[in-house]
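1. Only the shape, not the letters, is given here:
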């Protein structure tokens with residue numbers, strides 16, 4: 001809790017002392033401006049997570065650009081705030097990335113609802 005961590009596409013992470021697990025289900029889009037290009041707009045990435053707290057599951061979409069087209073960069077679910085901090089690798093016009101190369105970086109905190 002309270003520390004940023006990264007995990008891979010299709011990976012499930014479970015907290016060792018809290019009843020929460022998160023699965024990186026999908027990279028919905030990645031329109032971020034490539035790191036070796038100058039763009040008018042920074043773009044965004046959007047992912048889908050499956051969050052489970054005490055056995056209650058719910059899918060969520062999160063965006064790197066808060067909030068865009070109704071997609072937030074953080075959500076609160078059953079007493080936990082989950083924020084998308086980063087998504088790597090960052091696009092580059094000289095490199096091709098496979099979906100398996102992606103890692104989502106999240107920050108999870110307990111909150112009072």
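-> That came through, no problem. In this text the structure is predicted, and so the values were computed from the model without any measurement.

2. what packs against the helix or strand containing residue 76?
-> Residue 76 is part of strand 74-77, with elements assigned from DSSP states H and E. Contacts defined by 3 or more C-beta pairs under 8 Å, 6 or more residues apart in numbering; DSSP states H and E place strand 74-77 against strand 45-53, strand 56-63, strand 80-88. All C-beta atoms are positioned from the backbone trio N, CA, C, and that covers glycine.

3. Just want to check the distance between residue 106 and residue 39.
-> 25 Å (C-beta to C-beta, to the nearest Å).

4. contacts for the strand holding residue 76?
-> Contact partners of strand 74-77, identified using C-beta atoms under 8 Å, 6 or more residues apart in numbering, comprise 51, 53, 58, 60, 62, 66, 81, 82, 83, 84, 111, 113.

5. Which pair of these spans the longest distance?
-> 53 and 66 (22.4 Å; C-beta to C-beta).

6. more crowded one of the two?
-> residue 53 (17 against 13; other C-beta atoms under 10 Å).

7. give me the beta-bridge partners of that one?
-> Judged by DSSP bridges, the bridge partners of residue 53 are residue 20, residue 56.

8. wouldn't it be in contact with residue 60 here?
-> No: Residue 53 is beyond contact range of residue 60, at 11.8 Å (criterion: C-beta atoms under 8 Å).

9. buried sites along stretch 87-96?
-> 87, 91 (16 or more other C-beta atoms under 10 Å).

10. let me redo that: stretch 62-75
-> In stretch 62-75, counting by 16+ other C-beta under 10 Å, buried: 62, 63, 64, 65, 71, 72, 73, 74, 75.
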